[in-house]
Each structure stands twice: as structure tokens, then as C-alpha cells.
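Chemist: Here is the input, now give the coordinates:
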Amino acid sequence: MNRPIPPYRWASPGDVNAFFGLALDNLADLVLAVSLLASVFGYPLEFALAHLVPGTAAGVVVGDLLFTWMAFRLARRTSRTDVTAMPLGLDTPSTFGMVFFVLGPAFMAALDSGMERETAARHAWHVGMCSIVASGMFKMACAFFAGSVRRIVPRAGLLGSLTAIALALITFLPLLEIFDSPIVGLVSMGIVLAALTARIPFPGRVPGALAALVVGGLLHVAGSSTGLLHADGTRAAFDPRAALWPVEWLAALRFQWLDAWPDTVKYLPIVIPFALGTVVGGIDCTESAAAAGDEYHTGTIIGVEAFSTIVAGACGGVIQTTPYIGHPAYKAMGGRAAYTLATAIVIGAAGLTGTFAYLYQAIPGPAILPILVFIGLEITAQSFHATPQRHYPAVAIACLPALAAMVTIQTDKLLAAGAKPSADLARELFSIRLLSSGFIVTSLVWAGLVAALIDRKLLQAAGWSLAAAGLTLFGIIHSPFADGRLFAPWTIGTLPPEAASRGPLELAAAYGLLALLFAGWHAWLGQRSSDPP
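Modeler: Next up, the predicted model:
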């Protein structure tokens with residue numbers, strides 16, 4: 001007699017914590033993109049709110065709805081009641097990349113060509129849409145090979161690059177804003193660490209994320225009203241009324257943005273590496289979810305993020321979507337599928353009605369960012385737990401390129417502000433840039449190489465070295481340029497002075513020599529083992 005399939009418990013109290021983490025992260029990325037465009041490049045704020053935001057939100061809605069459906073399907077197939085949906089949201093690195101290397105420069109170039117301000121803004125919008133659609137098409141092609149990559153790359157390689165992002169970026173960068181307002185931030189972080197990391201019940205059984213938000217918000221209101229806390233100047237730059245009921249984004253559905261393809265081509269060497277990074281991240285996320293007990297199909301995960309990215313671009317969005325690496329953390333919270341469904345509803349409502357600016361202004365960053373600290377810690381711990389102990393050094397070395405990326409983010413701000421480093425310091429900063437460029441892929445390759453060495457598989461290590469050489473020749477890793485763009489070995493162009501004797505050709509040669517060394521080493525060991533005693 002067949003046992004009845006237990007119903008999927010798709011909603012649980014843990015979905016509340018997971019929802020706050022996922023939804024607020026997406027809202028923050030939306031506001032971040034608009035504020036950077038307006039404050040750094042003088043992009044028209046009203047235009048950005050009415051044209052860029054709704055389509056960007058549409059991509060999140062489509063992706064999270066599909067991931068919600070996939071959770072139901074996985075629960076039905078496995079007869080499990082504790083399946084957690086894969087989270088999807090806006091890619092934070094791409095937010096910075098699109099603003100500083102695509103949208104902003106395209107807007108300034110249009111102004112320099114004599115276009116009126118709004119015409120230039122529209123042209124940059126069209127370039128951004130073309131870029132996002134191109135990213136989605138590239139990711140869709142990669143979806144067919146994602147499963148093979150997951151089977152070939154050791155778990156230390158996949159989870160190592162995930163740990164790198166979690167520990168060095170997701171955990172660290174929020175601390176900067178937390179310490180900008182420590183009365184709010186540290187108290188909220190203490191609640192998050194106690195309630196979510198240590199899993200100590202908050203009084204009244206209030207969810208930890210909600211408790212941190214409420215307590216931090218009350219401290220923020222009290223401190224601001226009494227003058228103990230400084231005013232947040234970045235939030236004051238927004239006029240939320242300008243975002244209400246946007247309809248201008250519907251012009252994207254006339255597909256006039258396709259005329260911007262010729263002007264978009266020159267930005268593709270910048271855009272594609274970000275797309276590749278999300279593909280690798282998506283593979284990592286699938287492996288991380290599997291380690292946590294939820295076995296999703298890798299190609300389908302990448303296909304969903306590709307499709308939602310294409311939808312975003314076609315609707316006027318300018319930031320690509322990606323699976324978030326917080327699945328283990330959301331599962332630890334007790335999240336199921338309600339949190340992704342609720343995120344789709346809230347982000348859709350906020351983006352399409354224009355109320356997202358009100359939501360973001362009402363929530364102090366230091367009160368909610370500690371959730372990201374928890375997610376980073378949870379992912380790091382889970383990555384080590386799911387990796388064989390002998391491969392711990394491989395996971396650790398994967399963090400180093402991400403540390404370089406963390407430093408580069410801060411040093412680039414100094415350089416943009418006019419800092420002039422000495423020659424010696426400039427060489428050191430260039431070394432950091434080489435390490436940080438394409439850091440997600442570098443982390444994966446280095447972790448795979450070290451794992452192969454630990455397993456005494458020298459031919460595999462040689463293969464990883466050759467892969468690194470090939471990736472370096474095209475700038476996918478170790479790009480010497482500040483914008484991280486790709487290139488062909490025969491069209492590298494003029495290198496910075498600091499690249500003397502360590503440009504792409506020299507770095508690729510170093511990896512190539514390493515491959516020869518490992519191959520020869522393997523042959524020597526084979527000959528030695530075959531020699532008679």
C-alpha cells in the first residue's frame with residue numbers, strides 16, 4: 001500500500017526572517033543604483049525612477065516566482081516538507097559595474113556628443129537594456145553546460161568561491177555602515193547574532209530579523225529626534241514622490257532600445273564578465289543548496305536567472321538578476337517558499353508603484369544590514385561543514401582574491417577622490433587589482449587546483465593551471481584594466497605602467513609553466529612507482 005505524500009509546508013515562521021533579508025537586500029540595490037547614478041554622474045533622478053526601476057523589479061518578480069514554483073516541484077518529487085526555495089535578487093557587483101562602467105559613461109558620452117540631458121539619459125537607458133539582455137542571452141547559453149561544470153569542479157572549488165564572497169564581502173562590507181551608526185548597528189547586530197546565529201529565542205518568540213529591525217528602528221528614531229545620531233545625507237537626496245505610479249518604463253515594450261546595439265558592443269567586454277560571475281555564483285548556489293539538503297537542477301537554476309535577466313532588460317531594467325548565496329542561511333532560519341513568493345509580491349508592488357523609495361527611507365540601513373552579516377557567517381560555516389576536512393586549505397585560499405576585491409572597492413574610492421599614490425604604492429595597488437579582477441572565477445580555479453594537489457592528482461592540477469592561463473589571456477581573471485574588461489591576446493591594448501613584466505602574457509606564461517611542472521612531476525612519480533624496488 002502506497003503511503004500518502006505529505007503536504008509541503010511551504011510557509012513557516014522562518015519565512016518572516018528570510019523575507020526581510022531577501023526583500024530589503026533587493027530594495028537596497030534598487031536605491032543604490034539610482035542614488036549613484038544621480039549623485040556621481042548627474043543622471044536625472046526622475047528619469048531613473050520612472051524608467052529604470054520598474055523593469056529591474058520585474059526581473060526579480062519573474063525569477064522569484066519561478067524559484068517558488070521550483071521549490072513546490074522539488075518538494076513533490078522528493079516527498080519532503082522542508083524544501084527551501086532558492087532566493088533570487090539583483091546582483092550587487094553588477095549594480096556597481098553597470099553604474100560606473102556602462103550607464104554612467106554612456107550618459108556622459110551622450111552629453112559630450114551634444115545630446116540634451118533627457119535624450120542622453122534615454123540613450124544610456126537603452127544601452128543598459130541592451131547590456132542586460134546580452135547578459136541574459138549569455139547566461140542562457142551557459143545553462144546547458146552548468147551541470148557539467150558542477151560535476152567536474154570539486155566541492156571545495158564551488159563552495160570556496162562562495163565562501164570568498166560571503167566572508168570577505170557580504171559579511172564585511174555591511175560592517176562599514178553598521179559602524180557608521182554603532183548605537184543602531186551594533187545593537188541590531190547583537191540581536192541578529194543571538195537570535196539567528198546562536199538561535200536563542202527572542203522574548204515573545206518574535207523573529208530575530210524583525211526584532212533587529214524594530215529595535216534598531218526605534219533607536220534610530222530616538223537618536224535622530226534627540227540629535228544623538230547624525231542625519232543620513234544620502235537618503236535626503238531622494239524625493240520619494242517622484243517615484244510614484246511610473247508608466248514611462250512601458251516605452252521599453254516598443255523595443256526602440258534595439259537601435260542602441262551598435263553603441264552597446266563596446267561595453268560587452270565589461271558586461272560579460274559580470275554575467276559569467278553570476279553563472280559561477282549560480283553553480284555555487286546550487287552546490288550550496290545541495291549541501292544543505294535541497295538538490296536543484298543546475299541548468300534549470302541558471303536558466304531561470306538567465307530568463308529573468310532577459311525579462312528585466314526587455315522591460316527597461318538595468319541590473320541583472322542572480323541566485324543569492326543565502327540559501328543555507330534562509331534554510332537555517334526555517335524559510336520555505338513563502339519568503340520568495342512574498343519578495344516577488346513586495347518588490348513588484350514597490351517597483352511598479354514607485355513606493356520602494358518610501359520603504360527604503362523608512363528603514364535605517366544599520367538596523368537591517370546585520371542580517372547580511374548573519375547570512376555571510378552561515379554560508380561560511382556551511383561551506384566548511386560540507387567540504388571534506390582535507391580540502392579546508394582549498395576553501396581558505398579561495399578567500400584571498402575576494403579579500404583583494406574588498407580592498408579594491410575602498411582604494412578605488414580614494415583614487416576617484418583624487419588620491420595620488422607613490423610609485424611603490426601604485427605597484428602594490430596594481431597587484432591587488434590583478435588579484436581582485438574576476439575574483440569569483442579566480443577563487444574557483446585556485447580552490448580546484450589546491451584540492452587536486454591535496455588529492456595528489458597532479459594532472460588535474462596541471463589542467464587547472466592551463467585553465468587559469470587561458471582565462472588570463474582573455475582577461476576573465478587578472479585583467480590589468482580598472483574596468484575589468486575582457487580582451488583577446490592579440491588586442492590587449494596599452495597596459496598601465498605598473499603592468500611592466502606582469503601583464504596578461506606574463507601571468508599566463510607563469511600558469512603555463514606551472515602546468516608543465518605539475519605534468520612533469522606526475523610523470524616522475526609514475527616512473528618512480530613503476531621502478532623495481
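
Chemist: Please count neighbours and contacts with C-alpha atoms only from this point.
Modeler: Noted.

Chemist: tell me the contacts of the most centrally placed residue in the chain?
Modeler: In the chain, the residue lying closest to the centroid (CA atoms, centre = their mean) is Asp91, at 4.2 Å. With contact taken as CA atoms under 8 Å, 6 or more residues apart in numbering, Asp91 is in contact with 278, 319-322.

Chemist: Let's see that with 7 Å instead.
Modeler: Contacts for Asp91 (CA atoms under 7 Å, 6 or more residues apart in numbering) come out as 319-322.

Chemist: Dump those residues to a markdown table, plus neighbour count.
Modeler: Shown next, in a markdown table, are these (neighbours: other CA atoms under 10 Å):
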| residue | neighbour count |
| --- | --- |
| Ile319 | 36 |
| Gln320 | 34 |
| Thr321 | 35 |
| Thr322 | 30 |
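
Chemist: Counting only helices, which of those residues make the cut?
Modeler: Of the contacts of Asp91, none are assigned to helices by DSSP state H.

Chemist: Name the nearest of the residues you listed relative to Arg456.
Modeler: Arg456 has its nearest neighbour among those in Thr322, at 34.9 Å by CA to CA.

Chemist: Roughly how far does the residue nearest to the centre of the chain sit from Val214?
Modeler: Note on Asp91: its distance to Val214, by CA to CA, to the nearest Å, is 27 Å.

Chemist: Leu517: neighbouring residues, count only.
Modeler: When neighbours are counted by other CA atoms under 10 Å, Leu517 registers 16.

Chemist: quick one, strands of the stretch 251-400 of the chain?
Modeler: For the stretch 251-400 of the chain, applying DSSP state E, counting those that start in this stretch gives strands covering 321-323.

Chemist: Any regions of it where pLDDT drops low?
Modeler: The model of the stretch 251-400 of the chain has pLDDT under 70 over residues 360.

Chemist: pLDDT averaged over stretch 102-114, what's the number?
Modeler: Per-region confidence: stretch 102-114 scores 91 on mean pLDDT.

Chemist: Just to be sure, Arg122 is in a helix?
Modeler: Yes - under DSSP: H, G, I helix; E, B strand; the rest coil, Arg122 falls within a helix.

Chemist: Pull up the distance across stretch 471-485, start to finish.
Modeler: Taking CA to CA, the first and last residues of stretch 471-485 lie 12 Å apart.

Chemist: Check what contacts it and list those residues.
Modeler: Outside stretch 471-485, the residues that touch it by CA under 7 Å, 6+ apart are 101, 269-270, 273, 434-435, 437-439, 441-442, 486-489, 503-505, 507-508.

Chemist: how about 8 Å then?
Modeler: Defining contact as CA under 8 Å, 6+ apart, one finds that stretch 471-485 is touched by 101, 269-270, 273, 430, 433-439, 441-442, 468, 486-489, 495-496, 499, 503-505, 507-508.

Chemist: cool, and stretch 510-530?
Modeler: Residues outside stretch 510-530 that contact it (CA under 8 Å, 6+ apart): 458-459, 461-466, 468-469.

Chemist: what does stretch 489-508 give?
Modeler: By CA under 8 Å, 6+ apart, the residues outside stretch 489-508 that reach it are 426-427, 430, 468-470, 472-475, 478-481.

Chemist: Just the buried residues of it, please?
Modeler: By neighbour count with 16 or more other CA atoms under 10 Å, stretch 489-508 contains the buried residues 492, 498-499, 503-504, 506-508.

Chemist: Next, count neighbours for Arg528.
Modeler: When neighbours are counted by other CA under 10 Å, Arg528 registers 11.

Chemist: Quickly note the distance from it to Trp521.
Modeler: According to CA to CA, Arg528 stands 10 Å off from Trp521.

Chemist: List buried residues within the contacts of stretch 489-508.
Modeler: The neighbour count (16+ other CA under 10 Å) marks 427, 430, 468-470, 472-475, 478-481 as buried among the contacts of stretch 489-508.

Chemist: If we only consider those, which is nearest to Thr226?
Modeler: Nearest to Thr226 among the buried ones among the contacts of stretch 489-508: Phe430, at 45.6 Å, using CA to CA.

Chemist: Give me the spatial nearest neighbour of that closest one, chain neighbours excluded.
Modeler: In space, and not counting its chain neighbours, Phe430 is closest to Glu498: 6.5 Å by CA to CA, 6 or more residues apart in numbering.

Chemist: So which of the contacts of stretch 471-485 sit within helices?
Modeler: Applying DSSP H to these, the entries found in helices are 269-270, 273, 430, 433-436, 439, 441-442, 468, 504-505, 507-508.

Chemist: pretty sure Met70 is in contact with Ala85, am I right?
Modeler: Yes - counting by CA atoms under 8 Å, Met70 does reach Ala85; the two are 7.2 Å apart.

Chemist: Neighbour count: the two, which is higher?
Modeler: Counted by other CA under 10 Å, Met70 and Ala85 do not tie: Ala85 has more neighbours, with 31 against 22.

Chemist: Would you check how far apart that one and Asp64 are?
Modeler: 9 Å.

Chemist: same deal with Ser437?
Modeler: 29 Å.

Chemist: which of those two has more neighbours?
Modeler: Higher neighbour count among Ser437 and Asp64: Asp64, with 30 against 27, using other CA under 10 Å.

Chemist: Closest one of the buried ones among the contacts of stretch 489-508 to Ser188?
Modeler: Distance to Ser188, by CA to CA, is smallest for Phe430 among those, at 37.0 Å.

Chemist: check contacts around that closest one.
Modeler: Phe430 makes contact with 480, 498-499 under the criterion CA under 8 Å, 6+ apart.

Chemist: Can you spell out the domain ranges of this protein, please?
Modeler: Here the domain assignment for the chain is 7-78+92-387, 388-521, based on automatic domain parsing.

Chemist: winner for burial among those?
Modeler: domain 7-78+92-387 (a mean of 21; mean count of other CA atoms under 10 Å).

Chemist: Any idea how far apart the tips of it sit?
Modeler: Domain 7-78+92-387 has an end-to-end distance of 32 Å (CA to CA).

Chemist: Would you mind listing the outside residues contacting stretch 179-192?
Modeler: Contact with stretch 179-192 is made by 177-178, 208-209, 211-213, 215-217, 219-220, 229, 366-371, 373-374, as judged by CA under 8 Å, 6+ apart.

Chemist: taking the mean pLDDT, what do you get for that stretch?
Modeler: 93.

Chemist: what's the spacing between it and its chain's center?
Modeler: Centroid separation between stretch 179-192 and its chain, computed with CA atoms, centre = their mean, to the nearest Å, is 24 Å.

Chemist: And the helices in the stretch 351-500 of the chain?
Modeler: Using DSSP state H, counting those that start in this stretch, the helices assigned to the stretch 351-500 of the chain run over residues 356-362, 365-368, 370-386, 392-416, 423-436, 439-454, 458-473.

Chemist: For Ile200, find the nearest of the ones you listed.
Modeler: Checked against CA to CA, the stretch from those lying closest is helix 370-386, at 13.9 Å.

Chemist: now the closest one against helix 392-416, angle please.
Modeler: Counting by axes from the mean of the first three to the mean of the last three CA atoms, to 10 degrees, helix 370-386 points 150 degrees away from the direction of helix 392-416.

Chemist: what comes into contact with helix 370-386?
Modeler: Applying CA under 8 Å, 6+ apart, the contact partners of helix 370-386 are 21, 159-160, 162-163, 166-167, 170-172, 174-175, 178, 185, 188-189, 192-193, 196-197, 209, 288, 291-292, 325-326, 328-330, 392, 395.
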